[in-house]
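A.B. asks: Got a predicted structure here, sequence first:
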There are 2 protein chains.
Amino acid sequence: VMQADAVVLLGAEIVDFPSTWVKPGAAVIRCTPTLESGSVKCIVIVLEITCRGHPGILLGRVLFISRAQTPKSVDQLAEEVGLLPEELEAYGRSKAKVRLSLLDRLHEQPDGKYVLVAGITPTPLGEGKSTVTIGLVQALTAHLKLNSFACLRQPSQGPTFGVKGGAAGGGYAQVIPMEEFNLHLTGDIHAITASNNLVAAAIDARMLHEATQSDKGLYNRLVPSVNGVRQFSPIQISRLRRLGINKTDPASLTPQEVSTFVRLDLDPSKITWQRVVDTNDRFLRKITVGQASTEKGQIRETGFDIAVASEIMAILALADGLEDMKRRLARMVVGTSRCGQPVTAEDLGVSGALAVLMKDAIKPTLMQTLEGTPVFVHAGPFANIAHGNSSVLADKLALKLVGRDGFVVTEAGFGADIGMEKFFNIKCRASGLRPDAVVLVATVRALKMHGGGPNVSAGAPLPREYIDENLSLVAGGCRSNLRKQIQIAHLFGVPVVVALNVFKTDTQAEIDLVCQIAKECGASDAVPCHHWAQGGRGSLDLARAVNEAASRPGNFQFLYDIEMPITEKIRTIAQKVYGADDIELSPEAKDKIDYYNKQGYGSLPICMAKTHLSLSHMPDKKGVPTGFVLPIREVRASVGAGFIYPLVGTMSTMPGLPTRPCFYDIDLDPVTEEITGLF
Amino acid sequence: VMQADAVVLLGAEIVDFPSTWVKPGAAVIRCTPTLESGSVKCIVIVLEITCRGHPGILLGRVLFISRAQTPKSVDQLAEEVGLLPEELEAYGRSKAKVRLSLLDRLHEQPDGKYVLVAGITPTPLGEGKSTVTIGLVQALTAHLKLNSFACLRQPSQGPTFGVKGGAAGGGYAQVIPMEEFNLHLTGDIHAITASNNLVAAAIDARMLHEATQSDKGLYNRLVPSVNGVRQFSPIQISRLRRLGINKTDPASLTPQEVSTFVRLDLDPSKITWQRVVDTNDRFLRKITVGQASTEKGQIRETGFDIAVASEIMAILALADGLEDMKRRLARMVVGTSRCGQPVTAEDLGVSGALAVLMKDAIKPTLMQTLEGTPVFVHAGPFANIAHGNSSVLADKLALKLVGRDGFVVTEAGFGADIGMEKFFNIKCRASGLRPDAVVLVATVRALKMHGGGPNVSAGAPLPREYIDENLSLVAGGCRSNLRKQIQIAHLFGVPVVVALNVFKTDTQAEIDLVCQIAKECGASDAVPCHHWAQGGRGSLDLARAVNEAASRPGNFQFLYDIEMPITEKIRTIAQKVYGADDIELSPEAKDKIDYYNKQGYGSLPICMAKTHLSLSHMPDKKGVPTGFVLPIREVRASVGAGFIYPLVGTMSTMPGLPTRPCFYDIDLDPVTEEITGLF
């Protein structure tokens, strides 16, 4: 169920309506007929229903808007944005992968303006960053006539079937066809899952084979005689070089060299690689594997993460091409040998296969908004436990396609303290791109929560404070969390436009108050947005404000020097961004940092895994928490992706399913092939 | 490395050759230039190399043949086979999903001839059923000018990256582009994995929630009040009906009814649903899940199967449309309640979501052979531990497309005792289709093994007996395994054509002997095939023989009456097909059969999980083993797919990785995007 129920209901009677959509006992009382929205006319079926006297909102409403608009063919869309037919690989009629050769062709083309959409600390319901992103590009393109592109992330099936639902936006600001966007899309996350789990299988199988074979036995199997010829594969030559063995004839290795070569000698207690599934499967958080008799007692504890938290997803997001992706995949560290050496995917012999599995995933997928604006979908969400930004390649391709005066609007997950901080310190460092403006999304609902309103939780009815006007709660939220999030963006020297995502229960006084305080707090501008109900037309003020802010000369800077010690970088983020007094490292975290420093990973940026529900590590501390020390429980290294990954407090890298997951309402009509219940 | 090295090497010097393909120390000594093969001209680069004095065969050879031929666009292919543009969903340029609406449009069209390709008991190297299938359709189409279609199964990534390699065929009889065929294809197996694991996550999460909540707490969460309205979802109404509670108002249930409704009360020791990955991950064969503190001690032992062994794969193969698939998904039994009732996917509330996840996977994928013959790729392999046949829908669509005089050649996995038996007793029963002929693939190599030759194993050099002429071993294999496999096909009343897949080491005397004995054993015909070296032209004799055999009136019959008791059906297969004296049920197997009988599953057909390396359950017993009793260790029920699934002996449903998996040689050139080492 979407929260933004502020759709303009024009009061027309409904005539023709598929009865399967109406729940037992429901009666349609109002609906909107045709509504012009931006550049397209949509046949709109937005309903309010009554059910046994209780007013309600039909669950299928959002889907109707999406389905009422037929997407233009992806061939036509591609032609409109300047792609050549040979640069396109269609997947069905409404989505296509775009070949990276485009970057070479448009090498000379100047980049467009680069806008990041971030948010204040959200309620568990989400505050509409995706809808703001889509509304903004719709307004820029259809109304201001500026080329623009949205860069979104592919949704994870975890939330889609779990608690939160899909991520296509909503109302008149969504990606269509939303069903394809929310399901398998073009298979990128599946490719990541397959790649990640091939590495995992290789790790355990290798440990078993090393445990049960002699050096000679291993060598004979690893470098077999084929048709009388015995030679190293290229991937084995790379390993030999890293080991300092500059030989190519397998017969010439000394027994000691053979032993060094064949034994990765992984320490089972120091394997950092986890398996993944793109499902909220909480029972896989901690498991014991290898319990069948065929594995000869080599049992060990390990776990699964949600697929989008895989290091391979971060590599997909940060790589700048096939060659870079392949190098990053090869240097991923999966664990440590018993004598303390890092063991890589290349050591396992699996990195070439990973590149092969990921060769299509690296191409961004082209789709469109409800108003026909182009969208790249690439990389994945979960900015709390992962990097969680859209891809460098999608942004770069889009910046070339929109050209000098155009706009690329890309989205960072959750609050500015999480997604935006990673966007600047990790993604911009990797890409070399510099943003021209930040759009900070706020809602009256979230501001009231930060101002001291009662708890907001998914599934439970909203308390009255969130439905009735309450200026003091709004002001409290603006002067705490909103002000702090603006300040965080200013740490990086980037202008901020506050976008207030308006709900139907917001009063004019509340809206005015938010915009006024936001400007007092240093925002370049602050405007209400009505994209959910009105599409691009409802985001016109935002588009003008963004165009204005992005036209000023930039003053971008990173938050920390990359050469600072790991601990100092973590402390800088904790103090300057989260507002912590200090950090507290667990003994394990300290040891890991020492080890990573010794291995030469000290100059990697930091990717914090922290709750998105508070600036602090305590989800229930709203507003601007102070007087806390940030506990760093564990530190991992994603050497291929290129960051150090501290886990704050009790963050879990695998969500769970609630008692009644979203999937209860999801269904398929086998005759019309229409999907119900997917939002 | 392919075994069929009998490529005609014309002796031309090579001129232009990508050096990355040649291993260090190798020199090209011969290659074939342009060779006309069937209806297309291929630029052929088939190489024999010498490496430090040892003659060898270049590993990349097969791929060169595949890549030298540019596939026609799938749009053109679709037009040639009579598809309308709106019936096609392209995935890139060379593969497309075909919409099932085609079946309605061609409803009146008579079916073509239906030919099954099966084999004798294979060596671990495989005997070339896929190449025979492809060679046959190439010969029928290009040379006999008969419309024809091959129906193949999508390869599993397990073997592709494990021991066996890809499954696109080989030489001049393969599916192109073989890289796309062997990797993600159109994502069907990924969709199955996602669906299967959503069910698994739902099972464990539900058990946790039931263990930690009161009836009332569960009810409030399962049937929440949304905007003041409280109602059951359609999937919950279905469960209520099955429980005999014919109420629709949540307020009207008695406390007892609430308890019955909210508690699936799954017995953790009787959960039959496993998780899956499409990776050979042996350490997941037996695992303990739920060990994180968040799961509150609800640990249990379970395991992962290879994805293609999922019941959902069998459903994909056996469903005759979206509606049938949805019904089958809903009735899948995942375990048993503490009071002995089966618990289904619908009880978990997840069956609608499964249908949504599988809605595209149900459409077969159209590809082509090297000679441009159409191919449907659908469903998956592993006829030993799964059903392992291509899909009913692909066969049905193809039979309509080829029309009355055309041919559909579909493939059953492994020996006729495994894949073919399941094809007849399960797939033909589900589809109502009746085959017109069986092609039984044999090789001199496998026949020699059955005649008493030494052990054949992957990775080890072939013993001399397999390279030098040995008529007595050949005769022994023909009079044992080949004769028996022909007899098995005759049990079903279908004529058999023996296709001898010729290798370059086979002598004319050996070839003649096989064909002579095969006919003595009752084969309608027996012919040598040279499709690997010559494409369709090399299978012309086979095409004529099949055309002749299939034109005779059929006399098809099932092996057993579906209403026979489960134990009797198992015994019938064991005795008549495998040649066992009897079966021996473990106490667990007996209990399970009693339970399934009680639950009304007694009249399902049988899907045996048995080694493919022997007619018996003992992989090292070649020829025709006798005097054995078949041990049935365990019996499962795949109620959605519609079969009872006995596990024979020590069959594992999850393969493992060897010391040096295929992935060691697989690599991607990041500039040309060419893949090496994938076969």
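C.D. replies: Sure, I can see it. Numbers count the residues shown, from 1 in each chain, chains lettered A, B, ... in the order given.

A.B. asks: make it CA atoms for all contacts and neighbour counts henceforth
C.D. replies: Fine.

A.B. asks: Tell me what residue A:645 is bridged to.
C.D. replies: Beta-bridge pairing for residue A:645 (DSSP bridges): residue A:636.

A.B. asks: is it true that it touches residue A:639?
C.D. replies: No. Using Cα atoms under 8 Å, residue A:645 is not in contact with residue A:639; the gap is 9.8 Å.

A.B. asks: Output the below-cut-off pLDDT ranges for chain A.
C.D. replies: A:1-68 (pLDDT under 70).

A.B. asks: residues touching the residue in the stretch 301-450 of chain A that chain B sits nearest to, list them.
C.D. replies: Nearest residue of the stretch 301-450 of chain A to chain B: residue A:352, at 4.0 Å (Cα to the nearest Cα). Under the criterion of Cα atoms under 8 Å, 6 or more residues apart in numbering or on different chains, the neighbours of residue A:352 are A:235, A:326, A:330, A:346, B:663, B:664, B:665, B:666, B:667, B:668.

A.B. asks: Would you list the phi and psi of the residue of chain A most remote from its centre?
C.D. replies: Using Cα atoms, centre = their mean, the residue of chain A lying farthest from its centre is residue A:228. It sits 50.2 Å away. Dihedral pair for residue A:228: phi 80, psi 0, per degrees, to the nearest 10.

A.B. asks: just the one 10 residues further on next, same as before
C.D. replies: Dihedral angles of residue A:238 (phi, psi; degrees, to the nearest 10) stand at phi -60, psi -40.

A.B. asks: Tell me, how many residues neighbour the residue lying closest to it once chain neighbours are set aside?
C.D. replies: Leaving out its chain neighbours, the residue that sits closest to residue A:238 by Cα to Cα, 6 or more residues apart in numbering or on different chains is residue A:346, at 7.9 Å. If you count neighbours by other Cα atoms under 10 Å in any protein chain shown, residue A:346 ends up with 22.

A.B. asks: now residue A:346: how far from residue B:515?
C.D. replies: Separation of residue A:346 from residue B:515 (Cα to Cα, to the nearest Å) stands at 49 Å.

A.B. asks: Residue A:352 now?
C.D. replies: 44 Å.

A.B. asks: what does residue A:238 give?
C.D. replies: As judged by Cα to Cα, residue A:238 and residue B:515 stand 50 Å apart.

A.B. asks: Pick out whichever of those two has more residues nearby.
C.D. replies: residue B:515 (20 against 17).

A.B. asks: what sits against that one?
C.D. replies: Residue B:515 touches B:498, B:500, B:525, B:526, B:527, B:528, counting by Cα under 8 Å, 6+ apart.

A.B. asks: now do residue A:470
C.D. replies: Contacts for residue A:470 (Cα under 8 Å, 6+ apart) come out as A:448, A:510.

A.B. asks: repeat for the one 5 residues further on
C.D. replies: Applying Cα under 8 Å, 6+ apart to residue A:475 gives the contacts A:447, A:448, A:451, A:513, A:514, A:517.

A.B. asks: Let's have the residues you listed in JSON lines, adding distance to residue B:180, neighbour count and secondary structure.
C.D. replies: Shown next, in JSON lines, are those (distance: Cα to Cα, whole Å; neighbours: other Cα atoms under 10 Å in any protein chain shown; DSSP: H, G, I helix; E, B strand; the rest coil):
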{"residue": "A:447", "distance to residue B:180": "50", "neighbour count": "29", "secondary structure": "helix"}
{"residue": "A:448", "distance to residue B:180": "52", "neighbour count": "23", "secondary structure": "helix"}
{"residue": "A:451", "distance to residue B:180": "55", "neighbour count": "23", "secondary structure": "coil"}
{"residue": "A:513", "distance to residue B:180": "57", "neighbour count": "17", "secondary structure": "helix"}
{"residue": "A:514", "distance to residue B:180": "53", "neighbour count": "29", "secondary structure": "helix"}
{"residue": "A:517", "distance to residue B:180": "56", "neighbour count": "18", "secondary structure": "helix"}
